[in-house]
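**Q** Need coordinates for the below:
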Amino acid sequence: MSAIDVTSAPTLSAHALHLWRGEHHLLRNISFCLSAGELLQISGSNGVGKTSLLRVVAGLLPAEAGEIRWRRFDIYKDSNYHSELAYLGHSNALKLDLTALENLQFAAGLRRDINLQTCLQILNNLGVPQCAQLPAKVLSAGQRRRVALARVLLCDAVLWIVDEPTTNLDAAGIEVVEQLMVDHLSRGGMILTAAHHALLATHAGTRTMYLNQA
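**A** Residues are numbered from 1 along each chain as shown. This is a model prediction of the structure:
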């Protein structure tokens, strides 16, 4: 992938976020800042709001209070934010009747022009070149996750927001994904993630934020 343009010093910041789920005050006064070359991992017990926080930051779930800024602008007023963001949730969001290659061409093609060779190379980088012509419905859970992660790479986005990226991956798969994350950070990329498995624990740009049960 190409080097990321960081001339305008991309920064993601959240300030005093509050989110309710019914009568439950799920997120309380959450603030953080993420800069180029950094990975911020959200940690905490099940139900503490990790996924909800990622969805709020991705602009998929509105917070009741607080502010999120990208390159100093409110994300709801910045038309460029989502073009610089690649999001992957718990669901792989694959069309099961399409092949892995068709899934990538369809999803990534909505964002930018891509060619067949680029898609094949990304599948190879993720260790699943043999899946290219297979429908997603016949792939294993781990293979589907790798194809979904390939979509993130193809977006060529500065900011990755990925929820449990190593779900269903074996040790070799986790190693592959972590190396791709290191490569992304080394080019000036940024990653916001939630994972039970500690990612890039020894990487200089890695930080962890713990959410506590309200």
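**Q** need the helices for this protein, in chain order.
**A** Ranges of helices within the chain are 50-57, 100-109, 116-125, 141-154, 171-186, based on DSSP state H.
**Q** Go ahead and name everything in contact with the helix or strand of the chain with the lowest mean pLDDT.
**A** In the chain, the helix or strand scored least confidently by mean pLDDT, DSSP states H and E is helix 100-109, which has a mean of 89. Contacting residues not belonging to helix 100-109 are listed as 93-95, 98, 114, 116, 119-120, 122-123, 128, 131-134, 136, 139, 143, 147, 150-151, 154-155 [Cβ atoms under 8 Å, 6 or more residues apart in numbering]. C-beta here means a position set from N, CA and C on the backbone, and glycine is covered the same way.
**Q** Stretch 46-63 now?
**A** With Cβ under 8 Å, 6+ apart as the test, stretch 46-63 has contacts from 12, 14, 17-19, 21, 26-27, 30, 42-44, 68, 75-76, 81-82, 85, 87, 89-90, 161, 163, 192-194, 211-213.
**Q** Distance from the chain centre to the least confident helix or strand of the chain, please.
**A** Its chain's C-alpha centre and that of helix 100-109 lie 17 Å apart, by Cα atoms, centre = their mean, to the nearest Å.
**Q** coming back round to it: are any of the contacts of stretch 46-63 buried, and if so which?
**A** Buried subset of those (neighbour count, 16 or more other Cβ atoms under 10 Å): 12, 14, 17, 19, 26-27, 30, 42, 44, 68, 75, 81-82, 85, 87, 89, 161, 163, 192-194, 211.
**Q** What count of nearby residues applies to the nearest residue to L17 once chain neighbours are set aside?
**A** Spatial nearest neighbour of L17, chain neighbours left out: G66 (3.5 Å); criterion: Cβ to Cβ, 6 or more residues apart in numbering. Residues contacting G66 under the criterion other Cβ atoms under 10 Å number 16.
**Q** do you know how far G66 is from N103?
**A** 35 Å (Cβ to Cβ, to the nearest Å).
**Q** before we move on, what about P129?
**A** Distance, P129 to N103, by Cβ to Cβ: 15 Å.
**Q** Please give me every residue in contact with L26.
**A** 19-20, 49, 52, 214.
**Q** any idea where the strands of this protein begin and end?
**A** 11-21, 24-35, 39-43, 65-70, 73-74, 85-88, 159-163, 190-194, 206-210 (DSSP state E).
**Q** what's the angle between the second one and strand 39-43?
**A** Right, the one you point to is strand 24-35. Counting by axes from the mean of the first three to the mean of the last three Cα atoms, to 10 degrees, strand 24-35 lies at 160 degrees to strand 39-43.
**Q** Go through strand 24-35 and flag the buried ones.
**A** For strand 24-35, by 16+ other Cβ under 10 Å, it's 26-27, 30, 32, 34.
**Q** ditto for the last one
**A** When neighbours are counted by 16+ other Cβ under 10 Å, the buried residues of strand 206-210 are found to be 206, 209.
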